[in-house]
Each structure stands twice: as C-alpha cells, then as structure tokens.
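Q: sharing a sequence plus its predicted fold:
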Amino acid sequence: MPYVPSMKTDGKSQDRILIDREVEKVASQLAEFDGRDLLLHMKRTFKSLGGNLEALSTGLMASQNAVGSLALTIFNVGKGYGYWGAFLGELNYAVTRLIQRVPQLKVKKEQWLAKDELRYWLYASTVQALAYATSIFSDSSIGVGGVFEDVKDEYKRRVNVGYEAAQIMKSGDCYDTPYYTRLVEIVDGNGKHVGYQEVMLKRSEETLNKDVLDGKFVLQEAKDAALTA
C-alpha cells in the first residue's frame, strides 16, 4: 500500500488521524452484521465508497452518511497534496484499515472470541467483496478499481501468508505438487523463536513430508543470517 503520512512521518501530518476517525464510523456500522450479511454490506460499502469518490471527482456532492463522509475526507486530504490522484493513496489506506477494524470491533464488543478475529470465511468474504469492487469499477476513469485490487493483493500477501503458516503448523501442509514451499524456523541469537519463512523447493523425498525444514535461520545483530543445522 502507499504509506499515507502520519505523525511519525514529520511530526505534524494529520492524514491518518482524519481518515481513521471516519473509518471507525463505517467499521462500527459494518460490525453490526455477521456471516453472509457482513459480506453483503461490505460489498455495498465498497461500491458506495468508490461511487462517492467518482462523484466528488466531477464536482458533485458526497452522500450524507458515514460512507459519504469517509469519501469526502479521503478526497479532501488528497487535495492537500496539489496533484491529481493523491486521494487514491488515501483510499488504499482507508480500505486497508477498514477491513481490519471490523473484526477487531466484533471481538471488542464480545460478539466474537479473540481467536475468531481472523477466520478463513472472513478472509474469503473480504477478498470477494474487494474483488466485487474491483470488477464494478474496472472502467473507472479515476483508478478506483485498481485501488481495490491492490488492497486485495496486499491483504493476501500480508495476512493470508502468515495465517497459512499458522495452519500448516497446526494441522500439517497439504501441498505435494512438483514444486512447493516449506517453512523454515527463524530464531534470534539466543535461540528464541521469532517466526517462520517460506523456502521454495522442488519436490523431494527429503522434504515432501515435512512441514518445517530441518535447521534454523539465526538472526545475528550486524551479521548476515546464517543457516544452522
């Protein structure tokens, strides 16, 4: 995603503060729904958000609701940069935060258990809603469809990969194709577990039935990572 400026950037940027405030309102509305209803309303929200931005780009007014207010904030924050299309980065940030805040709010309201913040059905529903928005804005003259697709791809890369690794550790891998990936453990210089990294492999009897490869990558300060047996 394009990294929208924050207070960390220069000590004064308000982009994230302004957008987060509006995202919270939309996320709170979406958090009232569950299951297939949540998917339906995510699709409606993305469609409305993109539509409002297209309207604003032609000089029309935004809708008088939470989604319209979010779109207006995204558009106005983007205008501050003085070049066309700056609002697309703000849109990317807003949608990226929105799809994370909804399950967080479900857990905060004790509607879901903490362990349910990410379930595969929610991940798949979110991807479908983003794909739907990509499709309906495929002919957008302002790039909205590209933003939804970018968010979808980044969501898969940043979230699903880690989720898949956790499921492999829990239940075992299920890939036995001619080429696949396997996990290798990463530890710090004291041998403390840090996480896992994927390694790309050609199928072999040595690795076929292993979820985690033998050996570890050791992180050593000021030194290159070393593979130890």
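A: On my side now, so go ahead. This structure is a prediction, so every number in the text was calculated from the model and none was measured.
Q: doesn't residue 204 belong to a strand?
A: No: applying DSSP: H, G, I helix; E, B strand; the rest coil, one finds residue 204 to be coil, outside a strand.
Q: state the number of residues packed around it.
A: Neighbours of residue 204 under the rule other CB atoms under 10 Å: 7. In this view, the C-beta of every residue, glycine as well, is placed from N, C-alpha and C.
Q: contacting residues for it?
A: Applying CB atoms under 8 Å, 6 or more residues apart in numbering to residue 204 gives no contacts.
Q: phi first, then psi, for it.
A: Backbone dihedrals for residue 204, given as degrees, to the nearest 10, come out at phi -150, psi 160.
Q: distance check, it against residue 210.
A: As judged by CB to CB, to the nearest Å, residue 204 and residue 210 stand 10 Å apart.
Q: one more: residue 49?
A: Residue 49 sits at a distance of 44 Å from residue 210 (criterion: CB to CB).
Q: how about the helices in this protein?
A: Per DSSP state H, the chain carries helices over the ranges 7-10, 15-30, 35-57, 66-79, 86-108, 120-136, 144-155, 161-171.
Q: state the distance from the nearest residue to residue 21 once chain neighbours are set aside to residue 177.
A: Spatial nearest neighbour of residue 21, excluding adjacent residues (CB to CB, 6 or more residues apart in numbering): residue 73 at 7.8 Å. Residue 73 sits 46 Å away from residue 177, going by CB to CB.
Q: quick one on the thing from earlier: which one's more surrounded, residue 49 and residue 210?
A: Applying other CB under 10 Å to residue 49 and residue 210 shows that residue 49 carries more neighbours, namely 27 against 13.
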